[in-house]
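Student: missing the sequence, but the structure's below:
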């Protein structure tokens, strides 16, 4: 399978963006000088996913019920793994339900 040179150049940055929120910020700075469209796509997805996870867990942190909190951990792990796997495979995969929003909301962060 042939890969685009743009994807090959941005793959490491895209993968780094999914490693915690700090990884997303590091990837943002790595992509600042030499803009790579593939890396920018995944940076927007990763930052959006990290911010969504942080905000949801702040909201549900008051619940001390593992039965309530555990499904959210599973949901975010599945979404993260799906997006991370796309970056590793060199594909642009939108995170289900929210990926288009992340691309629109963060288009100025990682153009």
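Tutor: Thanks, I have it. All of these numbers come straight from a predicted model, not from anything done at the bench.
Student: and residue 94, what does it touch?
Tutor: 45, 100, 103 (CB atoms under 8 Å, 6 or more residues apart in numbering). In this view, the C-beta of every residue, glycine as well, is placed from N, C-alpha and C.
Student: now do 10 Å
Tutor: Residue 94 makes contact with 41, 45, 82-83, 86, 100-103, according to CB atoms under 10 Å, 6 or more residues apart in numbering.
Student: again, but for residue 25
Tutor: 16-17, 43, 46-47, 50.
Student: hmm, back to that, can you list which of the contacts of residue 94 are found in helices?
Tutor: Among the contacts of residue 94, the members falling in helices (DSSP state H) are 41, 45, 82-83, 86, 100-103.
Student: Mind putting these into a markdown table with pLDDT?
Tutor: Below are those laid out as a markdown table (pLDDT from 0 to 100):
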| residue | pLDDT |
| --- | --- |
| 41 | 92 |
| 45 | 94 |
| 82 | 95 |
| 83 | 94 |
| 86 | 92 |
| 100 | 91 |
| 101 | 91 |
| 102 | 92 |
| 103 | 91 |
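Student: Just the buried ones from those residues, in ChimeraX syntax?
Tutor: The following ChimeraX line selects those of these that are buried, judged by 16 or more other CB atoms under 10 Å:
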select :41,45,82,83,86,102,103
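Student: Of the ones in helices among the contacts of residue 94, which pair is most distant in space?
Tutor: Greatest spacing in those, by CB to CB: 86 and 101 (16.9 Å).
Student: Relative to residue 54, which of the contacts of residue 94 is nearest.
Tutor: Closest to residue 54 out of the contacts of residue 94 is residue 102 (13.9 Å), distances taken as CB to CB.
Student: Since that was my last question, I'll sign off now.
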